[in-house]
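Participant: Here is the input, now give the coordinates:
(one chain, ligands or ions: 2)
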Amino acid sequence: MKKQIVTKTRSLTEETEKLLNKQIHLEGMSSAYYLSMASWCDKEGYSISAEFLYRHSEEERHHMLKIFGYINDAGGHALQPVIETITHDFKSLRQIFELILDHEISVTHAINKLVDHCFIIKDFTTFHFLNWFVLEQREEETLARRALELFDIIGEEGVGLWTIDQEIGKLESFAQKPGPDGESKAPE
Ligand SMILES: [Fe+2]
Ligand SMILES: [Fe+2]
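Facilitator: Numbers count the residues shown, from 1 in each chain. Ligands and ions are numbered 1, 2, ... in the order given. This next block holds a predicted model:
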């Protein structure tokens with residue numbers, strides 16, 4: 001195991017800082033990816049999906065900034081990610097939600113790897129910090145799965161796509177429904 005360097009001015013190991021910066025890159029990538037998808041939906045006339053994705057892009061930026069704050073507060077240095085490989089063209093609305101689900105599953109894997117690393121080196125503070133992301137990923141995947149189900153249930157013929165676009169606008173309130181403790185989840 002790598003030597004842990006935790007000092008009076010730094011409560012993160014360099015390895016953990018590096019991994020958290022990688023996660024920053026991934027969240028920044030999500031934000032850029034969803035912005036690109038939002039723009040495509042906007043130009044294609046899927047205005048509700050576009051709004052949903054513009055909001056989602058903003059949320060991903062907040063996820064990124066959450067990690068910025070955490071790294072810098074812990075004595076590290078959060079790095080603005082360079083995002084280069086963004087797709088601008090998509091085949092269909094359905095393809096967009098398929099790509100979102102694939103992307104969110106890969107983000108979940110990255111978060112799980114990070115959590116696992118923190119557990120192994122016994123960095124329980126970062127482990128605790130990351131729990132928020134673990135739960136967030138569950139919600140993100142559920143949203144994408146529900147969106148894809150709409151295509152199967154409603155169908156894309158006739159006014160199908162128009163109806164799917166309307167229904168996508170209602171998905172967030174579904175994700176924010178009160179939890180078992182009765183508390184309504186605030187959007188993040
Ligand atoms: Fe995220
Ligand atoms: Fe996400």
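Participant: and residue 63, what does it touch?
Facilitator: When contacts are counted by CB atoms under 8 Å, 6 or more residues apart in numbering, residue 63 is found next to 27, 30-31, 133, 136, 188. (C-beta placed from N, C-alpha, C; glycine too.)
Participant: Check the offset of the host helix or strand of residue 135 from the chain's centre.
Facilitator: If you go by DSSP states H and E, residue 135 is part of helix 124-154. On the basis of CA atoms, centre = their mean, to the nearest Å, helix 124-154 sits 8 Å off its chain's mean C-alpha point.
Participant: is that helix anywhere near ligand 1?
Facilitator: No - Helix 124-154 lies apart from ligand 1 when judged by CB under 5 Å from the ion; the minimum separation is 6.3 Å.
Participant: Next, count neighbours for the residue nearest to residue 160 when sequence neighbours are not counted.
Facilitator: Excluding its sequence neighbours, the residue lying closest to residue 160 (CB to CB, 6 or more residues apart in numbering) is residue 154, at 5.2 Å. Using other CB atoms under 10 Å, residue 154 is surrounded by 17 other residues.
Participant: Now do the contacts for the residue of the chain found nearest ligand 2.
Facilitator: In the chain, the residue that lies nearest ligand 2 is residue 140 (4.1 Å; CB to the ion). Residue 140 is in contact with 104, 107-108, counting by CB under 8 Å, 6+ apart.
Participant: So which bits of the protein are right by ligand 1?
Facilitator: Residues of the chain lying near ligand 1 (CB under 5 Å from the ion): 27, 60, 63.
Participant: Just the element for the first one, please.
Facilitator: If you go by DSSP H and E, residue 27 is part of helix 14-44.
Participant: Pull out the buried residues from that helix.
Facilitator: Buried residues in helix 14-44, counted by 16 or more other CB atoms under 10 Å: 15-17, 19-21, 23-38, 40-41, 44.
Participant: got it, and stretch 78-92?
Facilitator: So for stretch 78-92, counting by 16+ other CB under 10 Å, buried means 78-79, 81, 90.
Participant: and what of stretch 132-149?
Facilitator: Using 16+ other CB under 10 Å as the test for burial, stretch 132-149 gives 133, 136-137, 140-141, 143-144, 146-147.
Participant: Give me the nearest residue to residue 132, chain neighbours excluded.
Facilitator: residue 66 (7.7 Å).
Participant: OK, contacts around the most centrally placed residue in the chain?
Facilitator: By CA atoms, centre = their mean, the chain has its centre lying nearest to residue 60, at 5.3 Å. Taking CB under 8 Å, 6+ apart, we find residue 60 in contact with 27-28, 30-31, 34.
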